[in-house]
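Colleague: Pasted the sequence and its predicted model underneath.
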Amino acid sequence: MSALVEIKDVCKIYNPGENEVRALDHVSLTIDEQEFVAIIGHSGSGKSTLMNMLGCLDVPTSGEYWLHGQDVSALSDDALSDIRNREIGFIFQGFNLIPNLTALENVELPLIYRGVSKSVREELSVEALKKVGLEHRMDHKPSEMSGGQQQRVAIARAIAQAPPVILADEPTGNLDSNSTKEIMDILKGLHKEGRTVILITHDNEIAAQAKRVIKIKDGKVESDSGQIVPVEELQTAGA
Ligand SMILES: Nc1ncnc2c1ncn2[C@@H]1O[C@H](COP(=O)(O)OP(=O)(O)OP(=O)(O)O)[C@@H](O)[C@H]1O
Ligand SMILES: [Mg+2]
């Protein structure tokens, strides 16, 4: 396994000066390929700030962010948007689907931005929708689907082109307990398939379902249940 995400001594300061807010305060962490990590913390602890950083939606005030071997800490907006398209599948609390597009068209949309041809686009999108159990709802619009189904469309959209990182920000925040279980089962399945899943939540029960839990408090890493060292590496290290 190799480091997919490497955050080195990152600070994020909003409103530098008298009223500054230190939203991230010397955060360092490494996430390897194929990990399933939950980032948990109370309101105001810095979760969204960290998510924006991880998702290349914002850059740190100081420190470095290496994603997939590339330093992305100081890139231009255009370069960041390219990286986002290539490296990250986003899942948001509010689904963020386009209301007047069908499920299939919603899943296809990011592939259009990536210049994928129509036939490949359709193939990848249908496959992703099948994976989340929505092959019978492909021609439905968001308003014709339940919250859980809409979130499954959003997951299909996030995974269609197999991005290295799946970044989910409170993905079950708007869902009832049945749909929450469905969504968590899908995320666990993606992890089992070898995808890297980073889940941001304030819910302990949800976080406990991940393999590793990183707790943040006042912009600092308070605890980290740690990376799991694969058996092969232990053996080569002579442990
Ligand atoms: N654009 C901004 N300008 C100034 N301060 C900000 C800004 N965004 C966030 N903050 C501050 O940074 C700190 C961390 O905020 P953040 O949104 O990351 O918290 P959070 O953990 O996501 O909280 P929640 O669970 O409520 O979403 C808070 O003190 C917040 O007030
Ligand atoms: Mg937040």
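Modeller: The structure has been received and is ready for your questions. Ligands and ions are numbered 1, 2, ... in the order given.
Colleague: sec struct for the residue nearest to Asn96 when sequence neighbours are not counted, please.
Modeller: Once flanking residues are discounted, Asn96 sits nearest to Ala154: 6.6 Å by CB to CB, 6 or more residues apart in numbering. Backbone N, C-alpha and C define where each C-beta goes, glycine included. Here Ala154 is recorded as helix under DSSP: H, G, I helix; E, B strand; the rest coil.
Colleague: so Ala154 touches Gly94, yeah?
Modeller: No: contact between Ala154 and Gly94 fails when scored by CB atoms under 8 Å: they sit 9.2 Å apart.
Colleague: In terms of neighbours, single out the busier of these two.
Modeller: Between Ala154 and Gly94, counted using other CB atoms under 10 Å, the more crowded position is Ala154 (27 against 13).
Colleague: what residues are up against that one?
Modeller: Contact partners of Ala154, counting by CB atoms under 8 Å, 6 or more residues apart in numbering, are 91-92, 95-97, 106, 171.
Colleague: before we move on, what about Pro110?
Modeller: 85, 157, 160-161.
Colleague: switch to 10 Å and redo it
Modeller: 84-85, 89-90, 116, 121, 125, 157-158, 160-161, 163 (CB atoms under 10 Å, 6 or more residues apart in numbering).
Colleague: With Gly46 instead?
Modeller: 12, 21-25, 27, 39, 53, 216-221.
Colleague: Looking at these, which are in helices?
Modeller: Secondary structure defined by DSSP state H assigns Met53 of the contacts of Gly46 to helices.
Colleague: and this protein, which residues reach ligand 2?
Modeller: Counting by CB under 5 Å from the ion, the chain comes close to ligand 2 at 47-48.
Colleague: Before I go, just wanted to say thanks for your time.
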